[in-house]
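J.: only geometry, no sequence info:
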């Protein structure tokens, strides 16, 4: 295990490097989520081919069956979405814990426990809307399914062939990728903040953590909750300083880019 850091400046450098490197990880995870969920386009193409005649046109009488079969594809989106996001959560937590372990003296067995705590928190947590992770994936998949259904209904009624439908399905999916990116980014960075805090709870050298506002807040979006929290002096220790157990700083708001750093215990300085 690496030598435990004993100055605040050294620890601050660890977090600067972590934030820089995390950006690349987050982009990779978003691309992975878009790619995995995007596999449904092949399923839809196969389904349309089964229903079409030799001329590539689907008869209007088959519209009801086409739309019912979309329910199966929606279920596929849900399963793929949950599996993909759970893998992103695990990766973000394990990556964060590995980056911090040596610096704050957290052993490998403790790291495993931290990662389990993070995963349990992430998949079971209720947000202000009363939803858990699977609910958010179901909502997203339902919205994608509805827009695909609307596109297919219009095309079939107009007598368009599947060669005209498939590009429209691609466009629908392309227009919905921002939702996938947003969800992947939110779950990933929340797992990172949670892992940062859970690791602090296991360390003897960290008593407090500091929340730094996100990019948008730093550019004037002062209504963002991360800015509000970064200005709060909850315990009289200074603005933005919290206990590692304060879970409200783990997800100030969706798509938040805020991050957490450590404040060393004075006896280590």
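T.: Yep, it's here. This is a predicted model, so every value here is computed, not measured.
J.: which residues are contacting stretch 67-86?
T.: 32-33, 36-37, 39-40, 43-44, 47, 51, 119, 123, 133-134, 137-138, 140-142, 144-145, 148-149, 152-153, 180, 183-184, 187 (CB atoms under 8 Å, 6 or more residues apart in numbering). (C-beta placed from N, C-alpha, C; glycine too.)
J.: Ok, stretch 152-171 next?
T.: Counting by CB under 8 Å, 6+ apart, 41, 44-45, 48-49, 52, 55-58, 60, 62-63, 66-67, 70, 148, 151 sit against stretch 152-171.
J.: Identify those among the contacts of stretch 67-86 that sit within helices.
T.: Judged by DSSP state H, the subset of the contacts of stretch 67-86 located in helices is 32-33, 36-37, 40, 43-44, 47, 51, 119, 123, 133-134, 137-138, 140-142, 144-145, 148-149, 152-153, 180, 183-184, 187.
J.: Tell me where this protein is predicted with low confidence.
T.: Low-confidence segments of the chain (pLDDT under 70): 1-6, 105-107, 217-218, 220, 267-269.
J.: ok so residue 256 is a helix residue?
T.: No: assessed with DSSP: H, G, I helix; E, B strand; the rest coil, residue 256 is coil; it does not lie in a helix.
J.: and it, what does it touch?
T.: Contacts of residue 256 (CB under 8 Å, 6+ apart): 186, 189, 214, 224-226.
J.: got those residues as TSV, with neighbour count, distance to residue 255 and secondary structure columns?
T.: Output for those, formatted as TSV (neighbours: other CB atoms under 10 Å; distance: CB to CB, whole Å; DSSP: H, G, I helix; E, B strand; the rest coil):
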residue	neighbour count	distance to residue 255	secondary structure
186	18	6	helix
189	22	9	helix
214	22	9	coil
224	22	10	coil
225	17	12	helix
226	25	10	helix
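J.: ok, back up a step: generate a ChimeraX selection restricted to the buried entries among the contacts of stretch 152-171.
T.: Typed into ChimeraX, the line below selects the buried ones among those, using 16 or more other CB atoms under 10 Å:
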select :41,44,48,52,57,58,63,66,67,70,148
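J.: what's the following helix or strand after the host helix or strand of residue 228?
T.: Using DSSP states H and E, residue 228 maps to helix 225-230. Note on helix 225-230: by DSSP H and E, the next helix or strand toward the C-terminus is strand 241-242.
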